[in-house]
Each structure stands twice: as C-alpha cells, then as structure tokens.
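*Asks:* using only what follows, build the 3D model:
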Amino acid sequence: MTSQGTATERAFDCDVIVIGGGPAGTTAATELARRGRSVLLFEKDRHPRFHIGESLLPMNMPILERLGVLPLVARIGVRKQGADFPGDNERGFNVFDFARNPQRVPGYAYQVRRAEFDEILLRNAQRAGVVVCEDTEVVEAGVADDTAHARVRTADGNTREIRGRYLVDASGRGTLLGSQWKLKQRHPEHQSAAIFAHFSGVERRSEPYAGNISIYRFHLGWIWVIPLTDDVSSIGVVCLPQVLKQRQGSLESFLMSILDSVPRLKQRMARATLRGNLEATGNYSYVCREVCGPRWIMIGDASAFIDPVFSSGVYIAMHSAERAAALVDSVLSGASERRLQRAYGREMREGLRTFSWFIRRFRTPALAWLFANPRNVFGVEDAVILMLSGHVFDARPTLRRLRMFKLLYYVTSLRQWRATLRHWRQMRSMVSS
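*Replies:* Numbers count the residues shown, from 1 in each chain. Got it, this is the predicted structure:
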C-alpha cells in the first residue's frame, strides 16, 4: 500500500514493482525504498544461487558504499588491483593498474562469487524496507492507464495479480518485457557464446596483482581468468556461437582443448582441477529497441547485454539502477517522465557505445598490438585504464582521450592493413558459416 489514503491509491499494492533480484533490481529497489517508496521485488529463484559475472569494476565501489554494503563485499571478495592482457615482454602480459587512473576513481575493485554478492544486495534491500518475494516468477507484466501490473506465480503454482504505479524490469538476460513485447534483438555488432567453469589450483599473479582478471586471446575468441576465494578461479571462453555449435566431444574436453591451446595459460593450469559449475550459453549479445516508456523502464541486462570482455555487466546494471531509481521517484513526484526518460536512454546508449567500440575490435591485430605495447602518449593509456575502471558515463575528459586512442587505433590498422583485412575476412566467413 502507498502511504496516501485515497480510494484510488488504496487500489495499488505498491508504488513500484521490480522484476528480478540481481544487482540491478536490488539496487533500484533499495534506492526507491530509501526515498520512501513502497516496493515489491519478485525473484524467480531463491538466494543464494550461482550466477556468472564475477568481476566488478572500480566504479562499482562508490555505488556499494552508497548502498552501505562495501565492508560486506570486501569480506567475501578478492581485491582486484587491475586487469592484465597479453604483452610483448618477458613476462608475457601487461597490467593496466587501476590505481594509475588520473581521475577521482577508486584504484581497486573486487572479484566476487555472485551467489554471495547477490545475496548481500538482496538482504540489504530487505533491510531498507523492500518486500522481497523469492521463488516467485513474474510470468506477464505491462502498463495500462498509468497503472503497472504483473502476474506472478509462486513455487507452489499459485498465481496472483499485482498492481503498482511504476514497473521496473530488472529480469536480466531473460529480459521479460523485451521478450514479451518483442523489443529484444541480436546486437548488431556482437555475437558471442560462452563456456565456463570453476577450477582450483590455478597459478595466480604475484602480489600486488594476485587478484587481477587475466584476459587471453586465442584464434577464435578470448578467455577470462578470475581469481576467487578459497583457491577457486572462474575461467571462461567467449567465442562466436558457430564455434560452440561445431564442437565435438564433451563440453569439458572442448573447454580444456581451448585452454590448453594457449601456452602461458596452460602453464598456469598445470596443477588445476575442475571444481564444477561447468556451463555453456548460446548467443547472448542483444539489445532492446526501447528501454523505457510510460510508467515502465528496463535496467541492467534486461535492456542490453554485450560481450563481457571488460567486465562491464554488473557495473552497468547498478549504474543504470541508480539512475532509474532517481527517475522513477521524480516521476512519481510529478516530474516530466518523457524528458527524464530521454536523458536516461541517451546516457545508457552512449556508455554502451564506448564499451562496444573496444569489444568489437578487441581481437583485431591493431588493438591487440596497442594493448600489448601500451604508451601514455596524449594520456591515452590513462584513458584506457579509466575505461577499464568503468568511467564512461558522464565522463567527458575520459571520452576525449579515448578519441585520441581511437585515432591511434586507425593509424595502427593502416600500418597493419594486411593483417586487419585477414581478420575481418575471417570474421565474416565464420559468421556466415
């Protein structure tokens, strides 16, 4: 019930219906509850539950601090000082150290087990006053006559109708509204599939970089290595969906054949043992044509998901959630919804566009060379560190420096035009096969 007492308002079950109990949904719900809004959050699973996406960015840290959970996350996480990529040097990699960023951005992040991380955020939302309904799936939702509604189904199969004043879709890659309203479409520039698992016994970098995320390239894609607590590492392969479809043998043997094909990674995994959570997912890069409308808004993965090479997913989810919460609260207080939604959509598109530019070119010879041979000419290495930190929203100085990096990329591509041409031809042939 809302705090007001009119007959019309008593017809609502809550002010805001939130679909999904991941980082986006819990962040938005917490912020709205703190603003005095009544919030019902529906999560189809029960926490804790396994989820991929274990690497946070430095720009997550201020959000976690505002939510009041940073000490709890520090307790369950591995401190992440930077990201390392293959390098043309004796050790074979270069570190992009977050502490070197020239802006007021935290110089670290954390690697987390998402089961623990997501539960911290969910329980924090409950403490803020959010009514959380786990094991409750939203099977249909929409808006009519400025009233949001959702049909929910509990674990015992019972259904009921919920009415609210605003609808927030934080349903993740299930993207309930995107699928229901046929807004979801393949991302025009990214096609990705992934295979991942947890391992023990993987050799870590020396301090202070033992918590680094390591990124490796192979001829058909790239590989992540994320160190977690208790000597566990999350390792995954990202490639074109066609590669996964053409695999032969078991999923484990296919994954290991790719990991063994990278000499430096094979060396780090000499004593590694598969611990579990072996999974594969098909083509998962997509974007929704619309992300908001009258009395509804999408946040996090519900609106778009791109290749995770720069670990941007959880940060984008929580950043968009904070922005959406402020928007919803303002609209419910009488502000112009259309103006606020236009600004929200523009900000989200611009931030995604920055990450997308680098992701699409990550495997090109020119970008591989620039990452392997970093130079801080005109501050471009500082800009890359800021991008890797997540500093891409409302970040004009960073974006100006990134434009200079893009210029260096195009010059390098021209110098390596034969290799660049071979790369794009190979990509086209693989996509069309």
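
*Asks:* leaving out the residues flanking it, which one is nearest to the residue nearest the centre of the chain?
*Replies:* For the chain, the residue sitting closest to the mean C-alpha position, by CA atoms, centre = their mean, is Gly313 at 0.7 Å. Excluding the flanking residues, the one nearest Gly313 by CB to CB, 6 or more residues apart in numbering is Gly53, at 5.0 Å. All C-beta atoms are positioned from the backbone trio N, CA, C, and that covers glycine.

*Asks:* returning to that earlier point: mind listing what the residue nearest to the centre of the chain touches?
*Replies:* Gly313 makes contacts with 53, 300-301, 305, as judged by CB atoms under 8 Å, 6 or more residues apart in numbering.

*Asks:* any idea how far it is from Ser285?
*Replies:* 11 Å (CB to CB, to the nearest Å).

*Asks:* what of Leu340?
*Replies:* From Leu340 over to Ser285 the distance is 28 Å, taken as CB to CB.

*Asks:* if we can go back for a sec, so what sits against both of Gly313 and Ser285?
*Replies:* Counting by CB under 8 Å, 6+ apart, the residues touching both Gly313 and Ser285 are Phe305.

*Asks:* what about the chain, any weak spots by pLDDT?
*Replies:* 1-10, 188-190, 283-284, 423-424, 426-433 (pLDDT under 70).

*Asks:* show me the domain layout of it.
*Replies:* As assigned by automatic domain parsing, the chain contains the domains 7-77+112-187+286-349, 193-281, 362-432.

*Asks:* could I get the ones you listed in a markdown table, plus columns for distance to Pro86?
*Replies:* Formatted as a markdown table, these follow (distance: least, CB to CB, whole Å):
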| stretch | distance to Pro86 |
| --- | --- |
| domain 7-77+112-187+286-349 | 13 |
| domain 193-281 | 6 |
| domain 362-432 | 6 |
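
*Asks:* nearest to Asp88, out of those?
*Replies:* domain 362-432 (4.7 Å; CB to CB).

*Asks:* returning to what we had before: among the contacts of Gly313, who's most crowded?
*Replies:* Gly300 (30 neighbours; other CB atoms under 10 Å).

*Asks:* quick one: contacts for that residue?
*Replies:* Neighbour list for Gly300: 20, 22-25, 170, 172, 313, 316-318, 320-321 [criterion: CB under 8 Å, 6+ apart].

*Asks:* among the residues you listed, which lie within strands?
*Replies:* In this view, the contacts of Gly300 have no member that belongs to strands under DSSP state E.

*Asks:* any idea which element Asp45 lies in?
*Replies:* Asp45 is part of no helix or strand, with elements assigned from DSSP states H and E.

*Asks:* count the residues that sit near it.
*Replies:* Number of residues near Asp45 (other CB under 10 Å) recorded here: 17.

*Asks:* isn't it right up against Val132?
*Replies:* No. Look at Asp45 against Val132 with CB atoms under 8 Å: they stay out of range, at 11.9 Å.

*Asks:* need the residues touching each of those two.
*Replies:* Shared contacts of Asp45 and Val132, defined by CB under 8 Å, 6+ apart, are found at Gly21.

*Asks:* what is the burial count for the residue lying closest to Asp394 once chain neighbours are set aside?
*Replies:* Computed as CB to CB, 6+ apart, the closest residue to Asp394 that is not its neighbour in sequence is Glu347, at 7.1 Å. Counted with other CB under 10 Å, residues neighbouring Glu347 total 15.

*Asks:* A helix includes Glu347, no?
*Replies:* Yes. Under DSSP: H, G, I helix; E, B strand; the rest coil, Glu347 sits within a helix.

*Asks:* my guess is it contacts Arg323. True?
*Replies:* Yes. Judged on CB under 8 Å, Glu347 makes contact with Arg323 at a distance of 6.8 Å.

*Asks:* about what we covered before: pull the contacting residues for the residue nearest to Asp394.
*Replies:* Counted by CB under 8 Å, 6+ apart, Glu347 has contacts 323, 393-394.

*Asks:* what's the closest of the residues you listed to Val143?
*Replies:* Out of the contacts of Glu347, the member with the shortest distance to Val143 (by CB to CB) is Arg323, at 19.6 Å.

*Asks:* isn't that closest one right up against Tyr344?
*Replies:* Yes. Taking CB under 8 Å as the definition, Arg323 is a contact partner of Tyr344 at 5.8 Å.

*Asks:* helices and strands around the helix or strand harbouring Thr398, which ones?
*Replies:* Taking DSSP H and E as the criterion, Thr398 maps to helix 396-415. The contact analysis (3 or more CB pairs under 8 Å, 6 or more residues apart in numbering; DSSP states H and E) places helix 396-415 against helix 337-361, helix 365-372, helix 380-389.

*Asks:* next up, the contacts around Ile306.
*Replies:* Ile306 neighbours (CB under 8 Å, 6+ apart): 187, 190, 285, 312, 352, 355-356, 359.

*Asks:* redo the residues you listed as CSV? Include neighbour count and distance to Ala148.
*Replies:* What follows is the contacts of Ile306, written out as CSV (neighbours: other CB atoms under 10 Å; distance: CB to CB, whole Å):
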residue, neighbour count, distance to Ala148
His187, 20, 28
His190, 20, 31
Ser285, 21, 29
Ser312, 28, 29
Leu352, 22, 25
Phe355, 22, 30
Ser356, 21, 31
Ile359, 24, 34
